[in-house]
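>>> Provided below for reference: sequence and predicted model.
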Amino acid sequence: MKKIVVKKEEQDGTVLFTFRFKALGQLLDEGDPTPLPEKELTEEAEDALAGHLDEYRVGRSSSLVIELPEKELAGVSSSLITKAVRNHFGFRYDDVTHDMKIHLREGIYSIVLALGNVFILLLFVYFAAKNEIPLDAVSITLIIGFITIMNWVTIWHTYEHFMYDYRNLARKRWIFEKITKIPVTIRGY
């Protein structure tokens, strides 16, 4: 039941995404006992909706059409399903915002550690150059090499943290926010 048929077409500069689900249970989590519109989406549905929107720039005008079997829509209000989709991504937006705050704090710690390592390296080189540290050339070279590797790892981790991890979280948050604001239509097939 994993297959979700997705069609993308452009109409007047807007990308129209049509997602065809085999069953309502493929869209909405059947294990969630809460009624609509508080019911959560399945991970599969969340990944499909957000993942396909991620294919285009976040600022690109888009709209969603979610197709479900006509017989399953008979007893369910399509406006409540639309609201459930928006609620789910609003909740996920808040989750990712929380994750970004923690990630930013960890990034700041990484910057402080990187600066501390650079300071230790410079301090060691200064005292070694003044011959105030009674070590031979091989020992000094080994210690400088070790501190340099520590600096490289710390700086790379900090760079990776902000340039890749944090940026990906920010993009996911923009996509989740976008889904809460774009037109979402529910229709039967």
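Nice, I can see it. Numbering: from 1, shown residues only.
>>> and for the spatially closest residue to D54 that is not a sequence neighbour, the neighbour number?
Excluding the flanking residues, the one nearest D54 by Cβ to Cβ, 6 or more residues apart in numbering is I175, at 5.6 Å. (Glycine included, C-beta is placed from N, CA and C.) Look at I175: counted by other Cβ atoms under 10 Å, it has 22 neighbours.
>>> residues in contact with the strand or helix carrying I175?
Here I175, judged by DSSP states H and E, is contained in helix 167-181. Residues outside helix 167-181 that contact it (Cβ atoms under 8 Å, 6 or more residues apart in numbering) are 49-50, 53-54, 58, 62, 64, 85-86, 89-90, 92-93, 96-97, 99-100, 103.
>>> so where's the longest helix in this protein?
helix 78-129 (DSSP state H).
>>> relative to helix 167-181, how tilted is that one?
Relative orientation of helix 78-129 versus helix 167-181 (axes from the mean of the first three to the mean of the last three Cα atoms, to 10 degrees): 160 degrees.
>>> who does the worst-scoring helix or strand of the chain on mean pLDDT touch, helix- and strand-wise?
Every helix and strand of the chain was ranked by mean pLDDT, DSSP states H and E. The lowest is helix 137-160, at a mean of 85. Applying 3 or more Cβ pairs under 8 Å, 6 or more residues apart in numbering; DSSP states H and E, one finds that helix 137-160 contacts helix 78-129.
>>> where do the domain boundaries of the protein fall?
Listed domain ranges for the chain are 5-92+180-188, 95-173 (source: automatic domain parsing).
>>> rank those domains by pLDDT, which is bottom?
The weakest mean pLDDT among these belongs to domain 95-173, with a mean of 87.
>>> distance of A45 from T154?
Taking Cβ to Cβ, to the nearest Å as the measure, A45 falls 40 Å from T154.
>>> dump the residue contacts of P37.
Neighbours of P37 in contact, by Cβ under 8 Å, 6+ apart: L80, I81, K83, A84, R86, N87.
>>> which of these has the most neighbours?
A84 (25 neighbours).
>>> sorry, back to before: for D32, state which of the contacts of P37 is nearest.
Comparing those against D32 with Cβ to Cβ places A84 closest, at 9.8 Å.
>>> one step back: need the buried ones from the contacts of helix 167-181 selected in PyMOL.
To isolate the buried subset of these in PyMOL, counting by 16 or more other Cβ atoms under 10 Å, use the following:
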select buried, resi 49+50+53+62+64+85+86+89+92+93+96+100+103
